[in-house]
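Enquirer: Coordinates only, no sequence provided:
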């Protein structure tokens with residue numbers, strides 16, 4: 001009988017390569033798990049593009065020109081004068097959304113009105129749709145809080161005052177947390 005010698009020289013490098021491969025796969029799985037968890041845990045904020053037209057005689061329209069659909073139940077419309085009005089840039093008004101109608105399918109539904117049921121409201125403002133404000137007194141409600149009083153005709157910063165023609169204001173749509181979804185500069189026309 002011949003004796004065979006046992007040769008274990010090749011075992012050590014193969015085991016080493018296998019261990020390195022297993023460790024690499026485990027590290028890749030962990031990194032992939034963390035990266036996947038981070039991506040799904042964050043939500044992209046809503047962003048949209050709007051344009052608006054303000055006519056002292058015909059009202060104000062807001063057109064959704066592109067971007068994400070806006071949830072009208074969780075947003076506000078804010079207006080603020082620009083430097084055109086002098087030192088009044090610090091003023092802000094929340095437009096009464098009960099008086100803003102979103103045109104859908106030929107009709108219009110309120111942007112948001114707490115007195116109405118969800119089914120009676122627009123609920124969304126989508127690209128291509130238009131929102132209309134006919135009662136311009138609702139664009140600048142009273143800063144003083146007096147019943148029936150509005151700031152819309154104020155000599156210094158009222159958008160309906162004849163001296164405001166040709167001046168501009170900023171219109172913003174913000175969510176419940178105060179993040180701006182869309183913003184545009186609006187020229188006041190007769």
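Expert: Now that the structure is in, tell me what you want to look at. All values derive from a computational prediction rather than experimental measurement.

Enquirer: Around the closest residue to residue 59 other than its chain neighbours, count how many other residues there are.
Expert: In space, residue 59 comes closest to residue 134 once its chain neighbours are excluded; the distance is 4.5 Å by CB to CB, 6 or more residues apart in numbering. (Glycine included, C-beta is placed from N, CA and C.) By the criterion of other CB atoms under 10 Å, residue 134 has 13 neighbours.

Enquirer: Same question for the one 5 residues further on.
Expert: Counted by other CB under 10 Å, the residues lying close to residue 139 total 26.

Enquirer: so who does the residue lying closest to it once chain neighbours are set aside touch?
Expert: Leaving aside its sequence neighbours, residue 139 sits nearest to residue 95 (CB to CB, 6+ apart; 5.4 Å). By CB atoms under 8 Å, 6 or more residues apart in numbering, the contact set of residue 95 is 76, 77, 78, 79, 133, 138, 139.

Enquirer: Out of those, the closest to residue 159 would be?
Expert: residue 139 (6.2 Å; CB to CB).

Enquirer: unless I'm mixing things up, that closest one is touching residue 159, no?
Expert: Yes - under the criterion of CB atoms under 8 Å, residue 139 makes contact with residue 159 at 6.2 Å.

Enquirer: Residues that sit against both of the two, list them.
Expert: 54, 79, 152.

Enquirer: can you redo the residues you listed as JSON lines with neighbour count?
Expert: Compiled in JSON lines, the shared contacts of residue 139 and residue 159 are given as follows (neighbours: other CB atoms under 10 Å):
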{"residue": "54", "neighbour count": "23"}
{"residue": "79", "neighbour count": "20"}
{"residue": "152", "neighbour count": "21"}
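
Enquirer: Export the residues you listed as CSV, with columns for secondary structure.
Expert: Formatted as CSV, the shared contacts of residue 139 and residue 159 follow (DSSP: H, G, I helix; E, B strand; the rest coil):
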residue, secondary structure
54, strand
79, strand
152, coil
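
Enquirer: If we ignore the residues flanking it in sequence, what's nearest residue 108?
Expert: Using CB to CB, 6+ apart, the closest residue to residue 108 is residue 101 (3.4 Å).

Enquirer: And the strands in the chain?
Expert: 48-55, 59-67, 70-71, 75-81, 93-94, 100-104, 107-110, 124-125, 130-133, 168-175, 180-189 (DSSP state E).

Enquirer: Perfect, I'm done here.
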